[in-house]
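Enquirer: Got a predicted structure here, sequence first:
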Amino acid sequence: MKIQNVLIVGGGTSGWFTAASLLKLCPHINVSLIESEDHPIIGVGESTLGQINDFFHLLELNDDEWMRDTGSTYKVNIRFNDFYKEGETWDYPFGTSHERMYKMKHGWMSWFALNYHKPEKFHRGTFATTFNSVGHLAKYNKLTWQDRVWNPQSDSAYHMDAIKIGQWFKKNRCKSIVEKGNYHTGTVVGATKDEHGFIKSVVTDDGRHFEADMFVDCTGFKSLLLEQELGVPFHSFHANDGGCLLNDTAVTCHMPHEQPEIEVTNTTTCTAIDNGWVWDVPLWQRSGCGYVHSKDFAKNPEEELYQYLVRRSGKTRADQAKFRTVPFRNGKHEKSWYKNVCAVGLSNVFVEPLEATGLLCTHEQILRLCTALSSREGLVTNSEKQMLNLVCDLEIEGFKNFIASHYSFTARETPYWRAVSEDIDYDFVTGFNDNLFVRYASEKYVANEVIYNGQTFDDHNDGPRYVAAGMGFNPICKHTLELNKIHNQTMTDLTSESMDEDERRIDEWNEEMYNYCMSIPTSYEFQKNTIYKEDYV
Ligand SMILES: Cc1cc2nc3c(=O)[nH]c(=O)nc-3n(C[C@H](O)[C@H](O)[C@H](O)COP(=O)(O)OP(=O)(O)OC[C@H]3O[C@@H](n4cnc5c(N)ncnc54)[C@H](O)[C@@H]3O)c2cc1C
């Protein structure tokens, strides 16, 4: 069918991101949007990933245009406290590994070998700084525009206010929708359909009908059009439904900064506690915190979050926090585009907040939708919808396993952490050859091959390695080293004596990066000078 008129239902981040993108990237489409005043937006989702740069680039957004209005800050790293064991921390910095370190004698395996031979010096928390210069920016909480250690265009992401960001898009990028009379408020309660089951119009509770060729469902977890009107099944990733994820609820709060010079960091911090983990997302004036947990295990989540806040900031500040409970569901729909409804955002897919994949799935789906609508004069047939659905499915399945791997290797032992480490069957099936758990298994249990081909670890932007290293999953062990020695010493020698050169390189690099980081501004100073200048109120 040929698509000329698109109606977006929902005005959360997904709705306004979609509207701004269609206006910019598909100017031939007539875009309308309806949102309900009776159903507030979810109001969480403040941490993003690097891919948002590509999305903003296509929308021609400059940081100084929107960051101040939305209280946003730069994010270059995610820090995981206590996920493997209490007291241990590991980082997941953005960007690619530094050329100089990646070209070490044994590539990635150098660190795993050093971790094996000298676990105290090369402990699990040292992987990120070994390969990635951004890891040093995170370690010392520094930022710079100099691209010597990072590429500010691609290695950064943002912390952004969940309420303000959608409204900023509405006001600044979607004016034409309002000016043309294409913006409506109203609560959609149903839809009329044609003889093929395609939606003809959505109907509001006061009896108004809004017609379009195509509808973008941005109604959040309700999934009003895709799931409720068209009946597309939802497949849960929750362990109770046969999936591999336990969490289903967050308790959230805001913590105003008392010392922004220190509290504005370039890192999202995730801290594991007894029945889940707490996010800590530093915006310019406050942090957003949220305790993600399973309601089957956490019997008093507000108290657990309160105790975390007391440890974080002291009793007086913790006492001021106002808590809000946000239930959520993990999972995907069987199809994300069915007939003339495409779902974007929470109405489509969601894997829990860890690793902040929510908005990423949203803007990637929007870009796929815009691609489909801008080719072939807006003609979209079922095969193209199937292609889009396939890619969306692979993406969400990949994220599901990636997130699950943060839990699956834990050594923690409360009932919740025992359940994630001992009771859950992880997914070794979906995602074809790209299944993360299959990759881990083949690296460890076909380890001869891995060690012989140490240099086959040639993907130098590889998130799963940060998780593996941080969670103590090292493919090297005593007998694989021994077999390696016997069979193929010349190809890759990972004995402790052979690792001296790599160790020296890492020591030099660490010292150089330390000196460099001491010469550049803190995250707060940098943003004060570049974004939040003197005139900021
Ligand atoms: C606990 C939690 C933490 C998260 N953390 C992160 C994170 O750190 N990073 C990240 O990238 N993502 C995160 N996410 C995901 C992120 O919150 C969402 O991707 C983002 O907010 C987009 O939401 P949305 O616009 O799809 O839905 P919503 O914000 O729920 O918006 C739904 C819209 O639909 C409208 N609507 C609903 N019903 C009707 C109706 N009947 N008629 C008309 N309009 C209607 C509402 O008025 C609203 O405008 C998190 C999600 C959760 C649950």
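Expert: The structure has been received and is ready for your questions.
Enquirer: Is any residue of stretch 254-269 near the ligand?
Expert: No: judged by Cβ under 6 Å from any ligand atom, stretch 254-269 and the ligand are separated, with a smallest distance of 7.5 Å. For the C-beta atoms, the positions are set from N, CA and C on the backbone; glycine is no exception.
Enquirer: Kindly check the end-to-end length of that stretch for me.
Expert: Stretch 254-269 has its terminal residues 15 Å apart, counting by Cα to Cα, to the nearest Å.
Enquirer: For it, give the mean pLDDT please.
Expert: Per-residue pLDDT values across stretch 254-269 average out to 97.
Enquirer: and that stretch, how far from the chain's centre?
Expert: In terms of Cα atoms, centre = their mean, to the nearest Å, the centre of stretch 254-269 is set 20 Å apart from its chain centre.
Enquirer: got it, and stretch 468-487?
Expert: Here the centre of stretch 468-487 is set off from its chain's centre by 30 Å, with Cα atoms, centre = their mean.
Enquirer: Residues contacting it from elsewhere in the structure, which ones?
Expert: Around stretch 468-487, the neighbours that count as contacts under Cβ atoms under 8 Å, 6 or more residues apart in numbering are 80, 83-84, 90-92, 109, 111-113, 115-116, 124-125, 127-128, 405-406, 409-411, 440, 443-444, 447-448, 450-452, 467, 492-495.
Enquirer: so which strand or helix has Q307?
Expert: helix 301-313 (DSSP states H and E).
Enquirer: buried ones in that helix?
Expert: In terms of neighbour count (16 or more other Cβ atoms under 10 Å), helix 301-313 has its buried residues at P301, E304, L305, Y306, Y308, L309, R312, S313.
Enquirer: From the chain's centroid, how far away is it?
Expert: Between the mean C-alpha point of helix 301-313 and the mean C-alpha point of its chain there is a distance of 24 Å (Cα atoms, centre = their mean).
Enquirer: Which ones among the contacts of stretch 468-487 map onto strands?
Expert: For the contacts of stretch 468-487, membership in strands holds for F80, W90, D91, Y92, with DSSP state E as the criterion.
Enquirer: Tell me if I'm right that the third one and G125 touch.
Expert: Right, D91. Yes: assessed by Cβ atoms under 8 Å, D91 is found in contact with G125 at 7.3 Å.
Enquirer: who has more neighbours, the two?
Expert: Under the neighbour definition other Cβ atoms under 10 Å, D91 and G125 were set side by side, and D91 has more, 24 against 17.
Enquirer: which residues does the more buried one bridge with?
Expert: In this structure, D91 has beta-bridge partners R79, where bridges are defined by DSSP bridges.
Enquirer: Quick check on the contacts of stretch 468-487: which are buried?
Expert: In terms of neighbour count (16+ other Cβ under 10 Å), the buried residues within the contacts of stretch 468-487 are 80, 83-84, 90-92, 109, 111-113, 115-116, 124-125, 127-128, 405-406, 409-410, 440, 443-444, 447, 450-451, 467, 492-494.
Enquirer: average model confidence for the helix or strand harbouring E508?
Expert: Here E508, judged by DSSP H and E, is contained in helix 500-518. If you average the pLDDT over helix 500-518, you get 93.
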